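>>> any chance you could fold what I've pasted below:
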Amino acid sequence: MVTQGWFYDSIIYIYALSLLFYFSDFVGPNRSAKRMGTGLLSFVWVLQTVYLIYSLFVRGGLATLSRFETLFLLSWLLVAISLVVNRFFRIELFVFLVNLFGFAILALNFFSNPNVSPTLAHWNINDELLFVHVSLSVASYAAFVVSAVFSGMYLFLHRKLKDKQWSAQMKRLPSLEKMSRYAMVAVAAGTPLLLTAMTLGFVWISLQGEPSMFFDPKVINSWFVLLAYLFYIFQRGLLKMPGNRLALWNLAAFVIMVLNIAFSNVYSSFHQWS
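The predicted structure follows:
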């Protein structure tokens, strides 16, 4: 049963990682990120195929598939379709959105199945779902912290150069162009991580059977955080905003994220620190 739990967890984590690379490629064309995303997604498809073949062999045919296998088959088909579209049509946004939907189906299917055992014996399946959700959330927060630091360094160097205040410390900083690019890369990593974490959060709320949780202040504020970073990407990619204004917006988005975390223990009904 432990092996089964790790098998399901592996699919979820690899799937989430492939979404990260696909999103990075969509934000800024990156052949290496696209190859990594395609490779990871192909591996997800292989793992799903192995499971389906095993399930068909044990159960003896499609007619005996349970709801779990049926939804698993749907997710498998979505992955297969996205791989075909990626290979022949190269519509990155379509591939990302289809797989985000497939990821949500797969997560809901795994964590709603009473026959799926958690990886650790003393956990229940909701504990494992929350562990994955928190892991992805923390990873996204780390990426946003890195991005905010680079934006702060950018504004510092930009101000010094504008005022022609040269110092030895300035020589040890990367160029403005590099810091802007590093900040963007960190946001491009953190945004899909946050999106997948929120997707798993919605799955958890659905399993709890309490729709009112969708309107929890922490959930609503998380949407503002996500939209703030998406707008940062939009400004950089399409509007071509100046670097200093982008850095300011990035820091504003970071402040929104910090406030969302800081006040979750006060206003949220279930996002509690203690």
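>>> assign Phe231 to helix, strand or coil.
In three-state terms, and counting by DSSP: H, G, I helix; E, B strand; the rest coil, Phe231 is helix.
>>> grab the nearest non-local neighbour of Leu47.
Ile11 (5.3 Å; CB to CB, 6 or more residues apart in numbering). C-beta here means a position set from N, CA and C on the backbone, and glycine is covered the same way.
>>> quick one: the helices in the stretch 1-150 of the chain?
In order along the chain, the stretch 1-150 of the chain carries the following helices (DSSP state H, counting those that start in this stretch): 2-27, 31-59, 67-88, 92-111, 125-162.
>>> neighbours of Arg172, how many?
Residues contacting Arg172 under the criterion other CB atoms under 10 Å number 7.
>>> equivalent analysis for Ala142, please.
Burial measure for Ala142: 14 neighbouring residues, criterion other CB under 10 Å.
>>> kindly report the same for Ala186.
Counted by other CB under 10 Å, the residues lying close to Ala186 total 21.
>>> so it touches Tyr141, yeah?
No. With contact defined as CB atoms under 8 Å, Ala186 does not reach Tyr141; the gap is 11.1 Å.
>>> JSON lines for the helices of the stretch 1-150 of the chain, including distance to Leu239 and mean pLDDT?
Shown next, in JSON lines, are these (distance: least, CB to CB, whole Å; pLDDT from 0 to 100):
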{"stretch": "helix 2-27", "distance to Leu239": "14", "mean pLDDT": "82"}
{"stretch": "helix 31-59", "distance to Leu239": "22", "mean pLDDT": "88"}
{"stretch": "helix 67-88", "distance to Leu239": "27", "mean pLDDT": "88"}
{"stretch": "helix 92-111", "distance to Leu239": "18", "mean pLDDT": "88"}
{"stretch": "helix 125-162", "distance to Leu239": "17", "mean pLDDT": "86"}
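>>> any chance of those in CSV, plus distance to Leu193?
Putting these into CSV (distance: least, CB to CB, whole Å) gives the following:
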stretch, distance to Leu193
helix 2-27, 6
helix 31-59, 14
helix 67-88, 19
helix 92-111, 12
helix 125-162, 4
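>>> looking at those helices, which is nearest to Thr199?
Thr199 lies closest to helix 92-111 among the helices of the stretch 1-150 of the chain, at 4.9 Å (CB to CB).
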